[in-house]
Structure formats: C-alpha cells, structure tokens
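Asks: Predicted model and sequence follow; I will ask about them next.
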Amino acid sequence: MSGKTLASRLRVPARAGSMVAAAALLLGPAVAPATAAVAAPGEPHLFVDSVTGAVDPTGMTVGPGGTVWFVSESSQSIVRVGANGLMKAFTSKGICDPTAITEGPDKALWFANGCAPGSVGRITTNGKVTDYANRAFDDLTAITAGPDGALWLTNGAPSEIVRMTTAGKVTNVYTGTGIVAPTAITAGPDGALWFVNGAGKTPGIGRISTAGTVTDYTKGIGIPSDITAGPDGALWFTDSTDNSIGRITVTGKVTNTYTGTGIVAPESITTGPGGALWFTDNSYTAGVYRIGRITTAGAVTTYTSPQVIRPLRIISLPHGPLWFLNGGEAVRSFGSSVGRITTAGRSPSSPGWTIRAR
C-alpha cells in the first residue's frame, strides 16, 4: 500500500565563518539566521538552525537534559552537544572505534567499541569513562536500553543478542534460530526487544522477550535496515532493498508497506514531532540524499538541502527538535556533520547558530 508523496525543498543558510573554541572540539554558537522550508498546506515547515562539523560520526542518541551525544570513530571520541549549542569531545583509553551509543537506564551513556577485543563503554555526563571488555562482545552493531533496566546489544557476525547489566556484567548471550546477523535493536511497546536481521539467508524482523524467547518474522519483509517503536503502538522499519517503509504490529503482522517516489532508499527511522515518523533517505545511484516524514496513515513528505549530504541517522528529542548526522565515505570530501531541525513555529534559538569542528 503506497502513501501519498508531497515534496518540499528545505532552504538553509550558508555556514557561518566564525568559530569560538574553548577547548579541543568545544565550540560556541555563531550567528546564522534560521530559514524555513517551503511546505505544502497542512505540512510542517522545517527550520534548520545548526549544522555542526564533526569527524566521521556514526551513531547518535538523545541524552539527559536535552543533550545529544554521538560517537566519532575516526577521532576515537564521544561527543556531547549541549542544549545551548556547545559541543565537547571526550577521549579516553576506553574509547576505541566506537560504533553505536544509547542512553542507559542509569542516565549515563553506553556505547559499543569496535576494536578487538570488543568492549562496551560507559560515559557519565561529565565525561568519566568506564570500559567493560568481554569475549561476548564481537562485532557489536547496536545497543539500546531495555525495559528490564539492562542494556541489550546485537553482535552482527556471530548472530547473537547480548544482555548486560548497568554494573557491566553479561548475564545472557542468545543465539539460534531467529537471530541472523542482527544490525539494529529497539525496545518495543510490548515490553520486549525488537531487532532486524539484516543479512544471511533469512533476513527479517525478530522479537526477543526479556526472558530470551525469540520469535522471527519474515513474511512481507525484505532486508530491513532500522526499526523503531511508533506512536501508534506498532513497530516501524525501513527496508532499503525494497525501497519501502513498513509497519509491523506487536503480534508480528506486517499491516502496511509504503513505497513511492518519496521513499527511495530509507535507512534510519525515528518517531518525531506531531505523531509522525521521520527517516533518512540515501541513494548514491539515484542521487537522493534527504530527510522524510511519514504519517501513521502513510502520507510522505520529503525535505532536501545542500547541507543534507548523506544523512545516516536521525533522532528526536522528547519535546524538542530532530537531529541528524551526515557521515560515511561518501561525504568525507565535503565534511561530516551533525544537524538540528525544528518543525513548527520559530527556530529553537533565534537567531540560529552554526558550529564547526576544527
């Protein structure tokens, strides 16, 4: 079932040339007026008031107090962006090729390290890092806080799901039928964890209870990329191979698969403002690099901008703006970045601000 496609073009200001450095990668706001997108009647306008220079960002999450945190693999750092626009990078021996990050049940940030041997790190909001190494951490691809007060992780190549307490203890490693090279995981509305199997002979979507019972669903699903809990009590997922966005109920039924000109190669997806889903759309072949919005009824709006180069991840603050990151090999000649968008009224900071890394 295809949703309607409404296109609008996002216009953003040029990056400001000034920069104030307080420490390595600690940056202050520079003036750049916020500009609204032109949207169809009834559709939200978008205001972009920050595009921050970053070094190869790969994972991103919402943190305590309206902060945003992302991992920078190339600079071996964890970066915090405050609600005031200040960006600070933390480095430590316990940060090594970080790939994914989430806010934990203990209000600290937890991240996956990609160095061998694998490990999981914990960083407090003031930058204190603790590293937990374990042979169970092999090819970590995603991490999320579970409904049981623990951390849940996916191991891609070994096809495993790992449960870890906030004390750093690995309590369970789940393998077997239904877990095939998992690449993303999220807490579902039913008190279970939902994940995507992104490779192998049986790609699809899996559900694992906090007791470790696994159910896999493959009907009507291609090779999913990301999954999130929707505002309607269902799970929503992206499928870049089928160029679609899907909706699956907590009983495992795929009720809708949305395709069309507004969905080319969707990658990351999140629940955002206005009770809608927001996603990133990337296709080098088609030359499509944009951010999209899909309502729970399937109506699609897309937004483009010269500053949206290759948006890999998108997240939303509970009562605030959307954040996205540009990253990957395709954008290194242009410069990786992190951007902030708000969707209604005026920009959250007026005038807007733009910050860059050195």
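Replies: Okay, I see it.
Asks: mind checking how far residue 288 is from residue 168?
Replies: Distance of residue 288 to residue 168, computed by CB to CB, to the nearest Å: 42 Å. C-betas here are computed from N, CA, C, even on glycine.
Asks: in stretch 310-319, what's buried?
Replies: Neighbour-count burial for stretch 310-319 flags 310-317 (criterion: 16 or more other CB atoms under 10 Å).
Asks: From the residues you listed, which one has the minimum pLDDT?
Replies: Lowest in pLDDT among the buried residues of stretch 310-319 is residue 310, which has 85.
Asks: Go ahead and confirm that one touches residue 287.
Replies: No - Residue 310 is beyond contact range of residue 287, at 11.2 Å (criterion: CB atoms under 8 Å).
Asks: What strands flank the host helix or strand of residue 257, and is each parallel or antiparallel?
Replies: Taking DSSP states H and E as the criterion, residue 257 maps to strand 254-258. The pairing partners recorded for strand 254-258 under DSSP bridges are strand 244-248 (antiparallel).
Asks: on that earlier part again, between strand 254-258 and the helix or strand that comes right after the strand holding residue 257, find me the angle.
Replies: The element immediately downstream of strand 254-258 (helix or strand, assigned by DSSP H and E) is strand 266-271. Strand 266-271 and strand 254-258 are oriented at 120 degrees to each other (axes from the mean of the first three to the mean of the last three CA atoms, to 10 degrees).
Asks: Averaged pLDDT, strand 266-271. What do you get?
Replies: If you average the per-residue pLDDT over strand 266-271, you get 96.
Asks: next structured bit after it?
Replies: strand 277-283.
Asks: The residue nearest in space to the middle of the chain: what's it in contact with?
Replies: What sits nearest the mean C-alpha location of the chain, by CA atoms, centre = their mean, is residue 313, with 3.9 Å. Residues near residue 313 by CB atoms under 8 Å, 6 or more residues apart in numbering: 57-60, 268, 280, 324-325, 327.
Asks: what's the burial count for residue 295?
Replies: Each residue near residue 295 was counted by other CB atoms under 10 Å, and the total is 17.
Asks: wait, it sits on residue 273?
Replies: No - between residue 295 and residue 273 no contact is recorded; they are 11.7 Å apart, counting by CB under 8 Å.
Asks: With adjacent residues omitted, what lies nearest to residue 300?
Replies: Counting by CB to CB, 6 or more residues apart in numbering, residue 300 lies nearest to residue 262, which is 3.7 Å off, once chain neighbours are set aside.
Asks: ok, the one you found to residue 221 distance?
Replies: Taken as CB to CB, the spacing of residue 262 relative to residue 221 amounts to 20 Å.
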